[in-house]
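Student: Sequence and predicted structure are below.
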Amino acid sequence: MEDFYTIQGEGFYQGHAAYFVRLGGCDVGCVWCDVKESWDASLHPMLSIAEIVSRVKTGKGKIVVITGGEPVMYNLEKLTHALKDSGLRTHIETSGVYPLTGTWDWVCFSPKKFKKPDTSIFEKADELKVIINHKSDIAWAEEFTSKLKPSCQLFLQPEWSKEKEMLPLIIEYVKDNPKWQVSLQVHKYMNIP
Ligand SMILES: C[S@@+](CC[C@H](N)C(=O)[O-])C[C@H]1O[C@@H](n2cnc3c(N)ncnc32)[C@H](O)[C@@H]1O
Ligand SMILES: Nc1nc2[nH]cc(C(=O)O)c2c(=O)[nH]1
Ligand code: SF4
Ligand SMILES: [Mg+2]
(Lines give C-alpha, C1' and ligand atoms only; values in the text may rest on other atoms or scores of the structure.)
(Ligands and ions follow the chains in the order given, each with its own letter.)
Protein backbone atom coordinates (compact mmCIF):
# COMPACT_ATOMS: atom_id res chain seq x y z
CA MET A 1 0.00 0.00 0.00
CA GLU A 2 2.77 2.41 0.98
CA ASP A 3 6.33 2.53 2.19
CA PHE A 4 8.18 5.18 4.14
CA TYR A 5 11.33 5.73 6.17
CA THR A 6 10.45 6.99 9.65
CA ILE A 7 10.88 6.42 13.38
CA GLN A 8 9.27 3.31 14.91
CA GLY A 9 6.64 4.98 17.08
CA GLU A 10 5.44 2.01 19.13
CA GLY A 11 6.61 -0.77 21.40
CA PHE A 12 10.08 -2.15 22.11
CA TYR A 13 11.84 -0.42 19.18
CA GLN A 14 10.12 2.93 19.72
CA GLY A 15 12.51 5.72 18.72
CA HIS A 16 14.56 3.68 16.25
CA ALA A 17 14.83 4.66 12.59
CA ALA A 18 12.98 2.08 10.50
CA TYR A 19 11.76 1.64 6.95
CA PHE A 20 8.05 0.69 6.95
CA VAL A 21 6.45 -1.44 4.24
CA ARG A 22 2.66 -1.50 4.58
CA LEU A 23 1.04 -4.41 2.72
CA GLY A 24 -2.57 -3.92 1.57
CA GLY A 25 -5.33 -6.29 2.72
CA CYS A 26 -6.83 -7.09 6.11
CA ASP A 27 -9.89 -9.15 7.11
CA VAL A 28 -9.77 -8.56 10.88
CA GLY A 29 -12.04 -5.49 10.95
CA CYS A 30 -10.99 -3.62 14.11
CA VAL A 31 -13.56 -0.85 14.64
CA TRP A 32 -10.84 1.58 15.75
CA CYS A 33 -8.23 0.64 13.10
CA ASP A 34 -6.15 3.72 12.24
CA VAL A 35 -5.44 2.53 8.68
CA LYS A 36 -8.79 1.30 7.33
CA GLU A 37 -7.76 2.39 3.83
CA SER A 38 -5.39 -0.62 3.89
CA TRP A 39 -8.16 -3.22 4.13
CA ASP A 40 -8.95 -3.62 0.41
CA ALA A 41 -5.75 -4.90 -1.21
CA SER A 42 -7.13 -4.40 -4.71
CA LEU A 43 -7.00 -0.60 -4.25
CA HIS A 44 -3.22 -0.64 -3.93
CA PRO A 45 -0.40 -1.18 -6.43
CA MET A 46 1.57 -4.45 -6.68
CA LEU A 47 5.32 -4.11 -6.29
CA SER A 48 7.93 -6.76 -7.02
CA ILE A 49 10.17 -7.97 -4.19
CA ALA A 50 13.16 -6.42 -6.00
CA GLU A 51 11.39 -3.04 -6.08
CA ILE A 52 10.49 -3.25 -2.38
CA VAL A 53 14.09 -4.14 -1.45
CA SER A 54 15.49 -1.33 -3.56
CA ARG A 55 13.14 1.20 -1.90
CA VAL A 56 14.01 -0.06 1.58
CA LYS A 57 17.72 0.31 0.79
CA THR A 58 17.25 4.05 0.20
CA GLY A 59 16.90 4.40 3.99
CA LYS A 60 20.03 4.44 6.15
CA GLY A 61 18.49 2.31 8.92
CA LYS A 62 19.00 -1.42 9.45
CA ILE A 63 15.39 -2.15 10.49
CA VAL A 64 12.56 -2.86 8.07
CA VAL A 65 9.07 -3.17 9.57
CA ILE A 66 6.54 -5.16 7.55
CA THR A 67 3.06 -4.05 8.54
CA GLY A 68 -0.33 -3.58 6.95
CA GLY A 69 -3.09 -4.26 6.60
CA GLU A 70 -2.41 -7.73 7.90
CA PRO A 71 0.92 -9.06 6.62
CA VAL A 72 0.27 -12.68 7.66
CA MET A 73 -2.31 -12.89 4.85
CA TYR A 74 0.72 -13.42 2.58
CA ASN A 75 3.58 -15.89 2.31
CA LEU A 76 6.52 -13.74 3.33
CA GLU A 77 9.37 -16.25 2.82
CA LYS A 78 10.78 -14.70 -0.35
CA LEU A 79 10.37 -11.11 0.80
CA THR A 80 12.07 -11.68 4.16
CA HIS A 81 14.91 -13.71 2.59
CA ALA A 82 15.55 -10.91 0.09
CA LEU A 83 15.56 -8.29 2.86
CA LYS A 84 17.87 -10.35 5.05
CA ASP A 85 20.20 -10.99 2.10
CA SER A 86 20.52 -7.19 1.93
CA GLY A 87 21.69 -7.11 5.55
CA LEU A 88 18.43 -5.77 7.00
CA ARG A 89 16.70 -6.67 10.28
CA THR A 90 13.19 -7.95 9.57
CA HIS A 91 10.46 -6.87 11.99
CA ILE A 92 6.72 -7.58 11.65
CA GLU A 93 3.58 -6.01 13.11
CA THR A 94 0.77 -8.57 13.15
CA SER A 95 -2.48 -9.61 14.75
CA GLY A 96 -1.37 -13.23 14.21
CA VAL A 97 -4.65 -14.39 12.70
CA TYR A 98 -2.91 -16.78 10.26
CA PRO A 99 0.29 -18.83 10.61
CA LEU A 100 3.39 -16.66 10.24
CA THR A 101 5.76 -17.35 7.34
CA GLY A 102 9.21 -15.88 6.70
CA THR A 103 12.38 -15.23 8.70
CA TRP A 104 12.00 -12.61 11.41
CA ASP A 105 14.35 -10.83 13.77
CA TRP A 106 11.45 -9.34 15.74
CA VAL A 107 7.77 -10.26 15.94
CA CYS A 108 5.30 -7.78 17.42
CA PHE A 109 2.04 -9.63 18.14
CA SER A 110 -1.01 -7.40 18.65
CA PRO A 111 -4.03 -9.68 19.22
CA LYS A 112 -7.52 -8.50 18.40
CA LYS A 113 -10.93 -9.35 19.90
CA PHE A 114 -12.41 -9.04 16.41
CA LYS A 115 -10.69 -12.22 15.09
CA LYS A 116 -8.82 -14.65 17.30
CA PRO A 117 -5.13 -15.30 16.68
CA ASP A 118 -3.74 -18.58 15.40
CA THR A 119 -2.08 -20.18 18.44
CA SER A 120 1.15 -20.75 16.46
CA ILE A 121 2.06 -17.07 16.99
CA PHE A 122 2.45 -17.50 20.76
CA GLU A 123 5.91 -19.11 20.62
CA LYS A 124 7.08 -16.66 17.95
CA ALA A 125 6.11 -13.35 19.59
CA ASP A 126 9.02 -11.23 20.88
CA GLU A 127 6.63 -8.48 21.90
CA LEU A 128 2.95 -8.48 22.89
CA LYS A 129 1.27 -5.13 22.27
CA VAL A 130 -2.38 -4.95 23.29
CA ILE A 131 -4.53 -1.95 22.34
CA ILE A 132 -6.63 -0.75 25.28
CA ASN A 133 -9.97 0.61 24.08
CA HIS A 134 -11.97 -0.30 27.21
CA LYS A 135 -10.91 -1.00 30.78
CA SER A 136 -11.81 -4.69 30.37
CA ASP A 137 -9.13 -5.00 27.66
CA ILE A 138 -6.42 -5.01 30.34
CA ALA A 139 -7.69 -8.29 31.86
CA TRP A 140 -8.02 -9.69 28.32
CA ALA A 141 -4.37 -8.73 27.65
CA GLU A 142 -3.27 -10.51 30.83
CA GLU A 143 -4.79 -13.80 29.57
CA PHE A 144 -2.13 -14.03 26.84
CA THR A 145 0.89 -13.71 29.08
CA SER A 146 1.01 -17.33 30.31
CA LYS A 147 0.99 -18.56 26.69
CA LEU A 148 4.04 -16.58 25.50
CA LYS A 149 7.82 -17.05 25.71
CA PRO A 150 9.18 -15.85 29.08
CA SER A 151 11.34 -13.30 27.20
CA CYS A 152 8.32 -11.75 25.43
CA GLN A 153 8.11 -7.99 26.16
CA LEU A 154 4.66 -6.84 27.30
CA PHE A 155 3.07 -3.53 26.25
CA LEU A 156 -0.29 -1.85 26.82
CA GLN A 157 -1.05 0.83 24.21
CA PRO A 158 -4.06 3.13 24.48
CA GLU A 159 -6.44 3.27 21.53
CA TRP A 160 -5.55 6.65 20.03
CA SER A 161 -8.97 8.33 20.32
CA LYS A 162 -9.48 7.00 23.88
CA GLU A 163 -6.06 7.96 25.17
CA LYS A 164 -7.36 10.52 27.66
CA GLU A 165 -9.52 7.91 29.41
CA MET A 166 -7.34 4.81 28.97
CA LEU A 167 -3.88 6.20 29.74
CA PRO A 168 -4.52 6.81 33.48
CA LEU A 169 -5.78 3.20 33.81
CA ILE A 170 -2.75 1.87 31.94
CA ILE A 171 -0.35 3.92 34.08
CA GLU A 172 -1.86 2.59 37.32
CA TYR A 173 -1.87 -0.97 35.97
CA VAL A 174 1.80 -0.84 34.94
CA LYS A 175 2.78 0.61 38.34
CA ASP A 176 0.99 -2.33 40.02
CA ASN A 177 2.19 -4.91 37.46
CA PRO A 178 5.69 -3.85 36.39
CA LYS A 179 6.20 -6.75 33.99
CA TRP A 180 4.12 -4.56 31.64
CA GLN A 181 5.27 -1.36 29.89
CA VAL A 182 3.35 1.60 28.47
CA SER A 183 3.47 2.05 24.68
CA LEU A 184 2.31 5.30 23.09
CA GLN A 185 2.05 6.02 19.37
CA VAL A 186 4.74 8.69 19.56
CA HIS A 187 4.85 9.22 15.77
CA LYS A 188 1.39 10.78 16.05
CA TYR A 189 2.76 13.39 18.49
CA MET A 190 5.72 14.04 16.22
CA ASN A 191 3.46 14.41 13.15
CA ILE A 192 5.49 11.92 11.16
CA PRO A 193 4.18 8.84 9.29
C1 LIG B 1 -2.43 -0.85 11.65
S2 LIG B 1 -1.81 -2.26 12.48
C3 LIG B 1 -1.15 -3.25 11.14
C4 LIG B 1 -0.56 -4.55 11.58
C5 LIG B 1 -1.54 -5.64 12.04
N6 LIG B 1 -2.71 -5.68 11.24
C7 LIG B 1 -1.89 -5.45 13.51
O8 LIG B 1 -3.00 -5.01 13.80
O9 LIG B 1 -1.02 -5.72 14.34
C10 LIG B 1 -0.32 -1.66 13.29
C11 LIG B 1 -0.41 -1.44 14.77
O12 LIG B 1 -1.27 -0.33 15.02
C13 LIG B 1 -2.10 -0.65 16.11
N14 LIG B 1 -3.28 0.21 16.03
C15 LIG B 1 -4.17 0.27 15.01
N16 LIG B 1 -5.11 1.19 15.23
C17 LIG B 1 -4.82 1.76 16.43
C18 LIG B 1 -5.45 2.78 17.21
N19 LIG B 1 -6.57 3.39 16.82
N20 LIG B 1 -4.87 3.10 18.39
C21 LIG B 1 -3.75 2.47 18.81
N22 LIG B 1 -3.11 1.52 18.12
C23 LIG B 1 -3.64 1.14 16.94
C24 LIG B 1 -2.36 -2.13 15.92
O25 LIG B 1 -2.84 -2.78 17.07
C26 LIG B 1 -0.99 -2.63 15.53
O27 LIG B 1 -0.24 -2.90 16.70
N1 LIG C 1 6.02 5.68 12.94
C2 LIG C 1 5.22 4.63 12.92
N3 LIG C 1 5.42 3.64 13.80
C4 LIG C 1 4.60 2.56 13.71
N5 LIG C 1 4.66 1.42 14.45
C6 LIG C 1 3.73 0.57 14.00
C7 LIG C 1 3.04 1.17 12.94
C8 LIG C 1 2.09 0.45 12.07
O9 LIG C 1 1.16 1.05 11.54
O10 LIG C 1 2.27 -0.77 11.94
C11 LIG C 1 3.58 2.44 12.77
C12 LIG C 1 3.34 3.53 11.88
O13 LIG C 1 2.40 3.59 11.08
N14 LIG C 1 4.20 4.60 12.00
S1 SF4 D 1 -5.75 -6.16 12.33
FE2 SF4 D 1 -4.46 -4.35 12.14
S3 SF4 D 1 -4.82 -3.53 10.03
FE4 SF4 D 1 -6.39 -5.07 10.47
S5 SF4 D 1 -8.14 -3.86 11.16
FE6 SF4 D 1 -7.00 -4.47 13.02
S7 SF4 D 1 -5.51 -2.82 13.40
FE8 SF4 D 1 -6.31 -2.54 11.31
MG1 LIG E 1 0.35 2.89 12.24
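Tutor: Perfect, thanks for sending it. Numbers count the residues shown, from 1 in each chain. Ligands and ions are numbered 1, 2, ... in the order given.
Student: Quick check: closest non-adjacent residue to the residue most central in space within the chain.
Tutor: For the chain, residue 93 is the residue whose C-alpha lies nearest the centre (CA atoms, centre = their mean; 2.4 Å). Excluding its sequence neighbours, the residue lying closest to residue 93 (CB to CB, 6 or more residues apart in numbering) is residue 67, at 4.0 Å. In this view, the C-beta of every residue, glycine as well, is placed from N, C-alpha and C.
Student: Next: residue 42.
Tutor: That would be residue 24: by CB to CB, 6+ apart, it lies 7.9 Å from residue 42.
Student: Equivalent analysis for residue 174, please.
Tutor: residue 180 (4.8 Å).
Student: That neighbour reaches residue 152, doesn't it?
Tutor: No. Contact status for residue 180 versus residue 152: not in contact, 11.4 Å apart, counting by CB atoms under 8 Å.
Student: which residues of this structure fall in strands?
Tutor: 2-7, 17-23, 63-68, 89-94, 106-109, 127-132, 153-158, 180-182 (DSSP state E).
Student: So what touches the longest helix along the chain?
Tutor: Assignment by DSSP state H gives helix 163-176 as the longest helix of the chain. If you take CB atoms under 8 Å, 6 or more residues apart in numbering as the criterion, helix 163-176 is touched by 132-133, 135, 138, 156, 158-159, 180-182, 184.
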